[in-house]
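Participant: Predicted model and sequence below, questions to follow.
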Amino acid sequence: MNFKQFDAIIDVRSPSEYAEDHIPGAISAPVLDDAERAEVGTLYKQVSPFDAKKVGASLIARNVASHVQHTFKDKPKGWHPLVYCWRGGKRSGAMAHILREIGWNAETLAGGYKAYRRFVVSQLESLPSGFDFSVVHGPTGSGKSRLLAALRRAGAQVLDLEELAAHRGSVLGDLPGRPQPSQKMFDGLLLKELEGLDPSRPVHVEGESKKIGEIQVPEALMSRMRASPCVLLETPLETRVDLLLDEYRHFLADRKALENQLDCLVALHGRTRIAEWKSIADWRELVARLLVEHYDPAYRRSSARNFEKLPQARTIRIAAADDSAFATAAESLPGRSQWEPRRGR
């Protein structure tokens, strides 16, 4: 599906439908809000389709008029939008018809959101096999995300799954003020990222587990990553503590939130050890203990089992927690001529 040819993508479904998932970049311009949609649906089932259509038509006409007056009031004559609803039927048809009558070249998406969703699922099953990945490994706090950021600044192609999933991938990985997207929204964002990558150049990605928080990484992508060459970060424990204290500094201001998250580990470590961790007042000591006693053993078990080429990984040492150390690490990766942007692209 080529959306780049359109000046705008307009989602006319209800706000709750839009919130669950939508085409990346689409604007919400509902022709029926959630309450109105429920009202029309109830009339359709309990009274008659005719009565439902009368009420629905009046509501849609009023809402489309409001969007023309406010949402689209400054659009030029040559504006070319794509309009979609759930199945590409009455809601998108009504909006597009009025926009065309005004003089705008409005099109509807055949099959609507359902067709788009089928496309996303299909592409995520096939597209990952066309990329060569370089998988960045290292225990928690070794700076994998920092290295990806340094690689991106240096011109390399990067796929940051944790950024897309709004989660750092551990029991403490929730990002304050950033709820995770729905699985469907993550899939759409991931597809958009993959479509923007050049298959002729390697893509650097972090060695993730199948789940990032509540988000499931598509199986085809996981399979491709697990069979790919690896880079292993070697970061001293003190530097890892520095990095984690910076990344998880919100817990320093809310010790109770940290303790609530630690309670999620009772089944793995028992109440005695969890209570012992909670009793540690010094933040550096607590982070170091969590790394040595929880995160490192879990990493060793998972990575060795799931990434077949990890034993042959090239080791990159991270000397410090500052940006210059990661820039140096990025420069030291092999194959720079392959991952630098091609001239003229």
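Facilitator: Yes, it's here. Please read these numbers as outputs of a predicted model, since none were measured by experiment. Numbers count the residues shown, from 1 in each chain.

Participant: do you know how far residue 149 is from residue 164?
Facilitator: Distance, residue 149 to residue 164, using C-beta to C-beta, to the nearest Å: 14 Å. To be clear about C-beta, it is placed using only N, CA and C from the backbone, and glycine gets the same treatment.

Participant: sorry, that was for residue 174
Facilitator: From residue 174 across to residue 164, the span is 15 Å (C-beta to C-beta).

Participant: again, but for residue 112
Facilitator: Distance, residue 112 to residue 164, by C-beta to C-beta: 24 Å.

Participant: Any idea how far stretch 50-57 is from the middle of the chain?
Facilitator: Centroid separation for stretch 50-57 versus its chain: 39 Å, with C-alpha atoms, centre = their mean, to the nearest Å.

Participant: For it, the averaged confidence score.
Facilitator: Computed over stretch 50-57, the mean pLDDT rounds to 95.

Participant: What are the buried residues along the helix or strand hosting residue 271?
Facilitator: Using DSSP states H and E, residue 271 sits within helix 266-278. When neighbours are counted by 16 or more other C-beta atoms under 10 Å, the buried residues of helix 266-278 are found to be 273, 274, 277.

Participant: middle-most residue in this protein, spatially?
Facilitator: Central residue of the chain (C-alpha atoms, centre = their mean): residue 164, 2.2 Å from the mean position.

Participant: residue boundaries of the strands in the stretch 51-200 of the chain?
Facilitator: Taking DSSP state E, counting those that start in this stretch, the strands of the stretch 51-200 of the chain run over residues 81-84, 107-108, 133-137, 157-159.

Participant: Out of those, which is closest to residue 19?
Facilitator: When the strands of the stretch 51-200 of the chain are compared by C-beta to C-beta, strand 81-84 sits nearest residue 19, at 15.6 Å.

Participant: Extract the CA atoms of the closest one and return them as PDB.
Facilitator: The C-alpha trace of strand 81-84 is given here as PDB (Å, rounded to 0.1, in the frame of the first residue of the first chain):
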ATOM      1  CA  PRO A  81      -6.600  13.000   0.800                       C
ATOM      2  CA  LEU A  82      -7.200   9.200   1.400                       C
ATOM      3  CA  VAL A  83     -10.200   8.400   3.500                       C
ATOM      4  CA  TYR A  84     -10.800   5.100   5.300                       C
END
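
Participant: per-residue confidence averaged over it?
Facilitator: If you average the pLDDT over strand 81-84, you get 98.

Participant: which other helices and strands contact it?
Facilitator: Strand 81-84 sits against strand 8-11, helix 90-102, strand 107-108, helix 112-126, with contacts defined as 3 or more C-beta pairs under 8 Å, 6 or more residues apart in numbering; DSSP states H and E.

Participant: Tell me which of these sits nearest to residue 40.
Facilitator: helix 90-102 (10.3 Å).

Participant: Can you spell out which helices and strands pack onto that closest one?
Facilitator: Packing partners of helix 90-102 (3+ C-beta pairs under 8 Å, 6+ apart): helix 49-69, strand 81-84, strand 107-108.

Participant: Tell me which of the ones you listed lies nearest to residue 25.
Facilitator: Among these, strand 81-84 sits nearest to residue 25 (C-beta to C-beta), with 10.6 Å.

Participant: May I see the buried residues of the closest one?
Facilitator: Those would be 81, 82, 83, 84, for strand 81-84 by 16+ other C-beta under 10 Å.

Participant: what separates the closest residue in space to the last one that isn't next to it in sequence from residue 150, distance-wise?
Facilitator: On the basis of C-beta to C-beta, 6 or more residues apart in numbering, the spatially nearest residue to residue 84 that is not a chain neighbour turns out to be residue 109, at 3.8 Å. Summarising the geometry, the distance separating residue 109 from residue 150, computed by C-beta to C-beta, is 39 Å.

Participant: ditto for residue 131
Facilitator: Distance, residue 131 to residue 150, using C-beta to C-beta: 20 Å.

Participant: ok, now residue 224?
Facilitator: According to C-beta to C-beta, residue 224 and residue 150 sit 23 Å apart.

Participant: Which of those two has more residues huddled nearby?
Facilitator: residue 150 (23 against 20; other C-beta atoms under 10 Å).

Participant: these two touch, right, that one and residue 323?
Facilitator: Yes - the criterion here is C-beta atoms under 8 Å, and residue 150 meets it with residue 323 at 7.1 Å.
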